[in-house]
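Q: everything below, folded, please.
(chains A, B, C and D)
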2 protein chains.
Amino acid sequence: MQESLGTAASAEVLQLPVAPLLDRLRELVLSGDYPAGAAVSETLLAQEFNVSRTPIREALKQLQAEGLVEIRPKVGTFVREPSRREVVEMFQVKEILEGLAAGLMARRGAVPQLELLEENIEASEMAAQNGDSETYARLVHEFHQLIVDGSDHLKLGEHYRTLMNQLAYHRLVTTSIAHPGRMPRSVAEHRKVVAMIRAKDAMGAEWAMRDHVVTSAREVSTEHTNADG
Amino acid sequence: MQESLGTAASAEVLQLPVAPLLDRLRELVLSGDYPAGAAVSETLLAQEFNVSRTPIREALKQLQAEGLVEIRPKVGTFVREPSRREVVEMFQVKEILEGLAAGLMARRGAVPQLELLEENIEASEMAAQNGDSETYARLVHEFHQLIVDGSDHLKLGEHYRTLMNQLAYHRLVTTSIAHPGRMPRSVAEHRKVVAMIRAKDAMGAEWAMRDHVVTSAREVSTEHTNADG
DNA sequence: TAGCGTTATCTACCATGCAAGAGAGTTTAG
DNA sequence: CTAAACTCTCTTGCATGGTAGATAACGCTA
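A: Just a heads-up that it's a prediction; the model follows:
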């Protein structure tokens, strides 16, 4: 939603001075440099970016619309930390979005994207065998993103990006997907999804994808529950 | 997404001076007073609302993040008109969101909301028999909204609201759902959804809902295609 | 007459300054 | 010692003015 004309569209036209400030601010928030519900001061950001407070304010309002920060009037702006309930809900939405994406890919029969997916799976298996959990986690994210991108569905992509941005704060959680016992099963589920897509079985692909998401979410959830409460 | 702390949350606390401007501006855009890709001038709006251009600008940036307007740098702000492809895509996302909502309602077994749904269906049937297409269209919208609200799912509600806002410009299209031949079948589909929810058949409810959405979307689509191109 | 260069005006953009609310710290009364 | 009231400082909120870029109208030239 936030890239309606700014983020990605302008990059390809190389309009550098158009809106890099919003992107830089978003990255700053998503990077996790600001601990949790930490305050982000307009004045400090203005000094940081060598601009006046006005454009900073405008960008923060946009980030608020994206659900990344919370602006308390006359008090300050704070990095938004989704509640436990919200995280669960976001994974539920993530599930149906990715399910739709997989189904659409199967319906289209996107061959070149399929090869990318299989390369990704091969690399994932390699990383899993080598115990390279960091690379593995990155490849898993890439797999899901490839599914979404492969669906060639703009609105789906927008909603998905919004969701992932709001979930970005939980990168620490998602990195726990690189759990030793989980990895081989996850790879198998990825394979099943790709097989369904290759077979052009839209419904099968959708449900394989949804089952994969809900399974991994459950395991991550219990993992996280055991960890901090 | 846009009501993270503004729209609904502040209303119940009765903080009128907090952010009515964004809401008023949003309503102004959604009302359709501005034809299509019409320009909305900061200066004019500032005069209209008796404020300076600065808060107007901030609100417009938020509306841009919500996908309702498009800001062309150094040129102007225009009400965004979704392309045909985007409309189709939005209905696809609408389908899975409402499917998820119906499934969740079935899983929860929300009894009070079920009665509201059945009242709605009764009223819809009355309106259909009386040929009151305006009331009928309103009730259909209310039915879908009741499903979403009944799911008691915050994030789902946010994504759904974003979607419906962007689709609001096509109210003229959605009013064509009150087509004489379509109405009785639509009511029957509503009944089936409610029956599935009452039977606590989550999967059945989800697919009944999705089938209903995709069916009505197809009929509306062909209707609209016949109308203007 | 058609095409191009020029200018004039309209737009958003951003910097600055002032004002008002919220919150914390302090002081004072009980 | 506790609690309430007060003040002080920090924050955002908003108004205003100057600036730069984009667009369209106009005049010039071929």
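Q: what helix or strand is residue A:45 on?
A: Counting by DSSP states H and E, the element that carries residue A:45 is helix A:42-49.
Q: all strands of chain A, in order?
A: Secondary structure of chain A (DSSP state E): strands at A:39-40, A:69-72, A:76-79.
Q: now these as TSV including distance to residue B:137 and mean pLDDT?
A: The C-beta positions use only the backbone N, C-alpha and C, and glycine is treated the same way. Output for the strands of chain A, formatted as TSV (distance: least, CB to CB, whole Å; pLDDT from 0 to 100):
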stretch	distance to residue B:137	mean pLDDT
strand A:39-40	44	86
strand A:69-72	36	96
strand A:76-79	41	95
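Q: quick one: contacts for the closest residue to DNA strand C within chain A?
A: Nearest to DNA strand C, among the residues of chain A, is residue A:52, at 2.7 Å (CB to the nearest atom of the strand). Residues near residue A:52 by CB atoms under 8 Å, 6 or more residues apart in numbering or on different chains: residue A:46.
Q: switch the strands of chain A over to JSON lines; also include distance to chain B and mean neighbour count.
A: Formatted as JSON lines, the strands of chain A follow (distance: least, CB to the nearest CB, whole Å; neighbours: other CB atoms under 10 Å in any protein chain shown):
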{"stretch": "strand A:39-40", "distance to chain B": "15", "mean neighbour count": "17"}
{"stretch": "strand A:69-72", "distance to chain B": "6", "mean neighbour count": "18"}
{"stretch": "strand A:76-79", "distance to chain B": "11", "mean neighbour count": "18"}
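Q: got CSV for those, with distance to DNA strand C too?
A: Output for those, formatted as CSV (distance: least, CB to the nearest atom of the strand, whole Å):
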stretch, distance to DNA strand C
strand A:39-40, 11
strand A:69-72, 7
strand A:76-79, 8
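Q: looking at these, which is nearest to residue A:157?
A: strand A:69-72 (22.4 Å; CB to CB).
Q: adjacent strands (with direction) for that closest one?
A: Sheet partners assigned to strand A:69-72 using DSSP bridges are listed as strand A:76-79 (antiparallel).
Q: which residues in chain A form helices?
A: A:9-13, A:20-30, A:42-49, A:53-65, A:84-108, A:111-130, A:133-150, A:154-167, A:171-174, A:183-198, A:202-228 (DSSP state H).
Q: helices and strands around the fifth one, which ones?
A: Contact analysis of helix A:84-108 by 3 or more CB pairs under 8 Å, 6 or more residues apart in numbering or on different chains; DSSP states H and E lists helix A:133-150, helix A:154-167, helix A:183-198, helix A:202-228, helix B:84-108, helix B:154-167 as its packing neighbours.
Q: for residue A:185, give its distance to residue A:179.
A: 10 Å (CB to CB, to the nearest Å).
Q: any idea which helix or strand in chain A has the lowest mean pLDDT?
A: Ranking every helix and strand in chain A by mean pLDDT, DSSP states H and E puts helix A:9-13 at the bottom, with a mean of 35.
Q: now do the contacts for the residue nearest to residue A:101 when sequence neighbours are not counted.
A: The shortest distance from residue A:101 to any non-neighbouring residue, by CB to CB, 6 or more residues apart in numbering or on different chains, is to residue A:151 (3.8 Å). Applying CB under 8 Å, 6+ apart to residue A:151 gives the contacts A:100, A:101, A:102, A:104, A:105, A:108, A:157.
Q: could you rerun that using 7 Å?
A: A:101, A:104, A:105 (CB atoms under 7 Å, 6 or more residues apart in numbering or on different chains).
Q: now those residues as TSV including pLDDT, distance to residue B:71 and neighbour count?
A: Shown next, in TSV, are the contacts of residue A:151 (pLDDT from 0 to 100; distance: CB to CB, whole Å; neighbours: other CB atoms under 10 Å in any protein chain shown):
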residue	pLDDT	distance to residue B:71	neighbour count
A:101	98	29	26
A:104	98	30	23
A:105	97	33	31
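Q: just those now: which is nearest chain B?
A: residue A:104 (8.1 Å; CB to the nearest CB).
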